[in-house]
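>>> Quick one: sequence and predicted model below, then my questions.
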Amino acid sequence: MIEITSANIEKAINKARQTKPFVKVIEFRLYSVTNKTTGATYEVKFSKLGNKKLAECNCKATVICYHIGAAIGAHIVLAEQMHTATA
Ligand SMILES: [Zn+2]
């Protein structure tokens, strides 16, 4: 798991905007991200440890990659919906 910071996630989101991968929700905090050009699919997981936000992707990257950048968009929407639902 890699800690998400505003700096590393911004980079990843920018890269995701250029690559435009396809994001599918598997379950809350678990997403599959497919590169439309290569067809390669990776799984992205999010978790929380205290105040730290963590993410993990099963691609070769050991940093916050663009798969995480793509998935976090869906994750934020879903998290907000769940928050609204429980409020
Ligand atoms: Zn990745």
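Received it, and whenever you're ready, just let me know what you need.

>>> tell me which residues in the helix ranked longest in the chain are buried?
Longest helix of the chain, by residue count under DSSP state H: helix 66-86. For helix 66-86, a neighbour-count test (16 or more other Cβ atoms under 10 Å) marks 66-72, 75, 78 as buried. The C-beta positions use only the backbone N, C-alpha and C, and glycine is treated the same way.

>>> Repeat that for stretch 28-47.
29, 31-35, 42, 44-46.

>>> What average pLDDT does that stretch get?
Mean pLDDT, stretch 28-47: 96.

>>> and the end-to-end length of it?
In stretch 28-47, first residue to last residue: 10 Å (Cα to Cα, to the nearest Å).

>>> what's the offset of that stretch from the middle of its chain?
Mean C-alpha position of stretch 28-47 versus that of the full chain (Cα atoms, centre = their mean, to the nearest Å) differs by 8 Å.

>>> One more: stretch 11-21?
The chain centre lies 11 Å from the centre of stretch 11-21; the measure is Cα atoms, centre = their mean.
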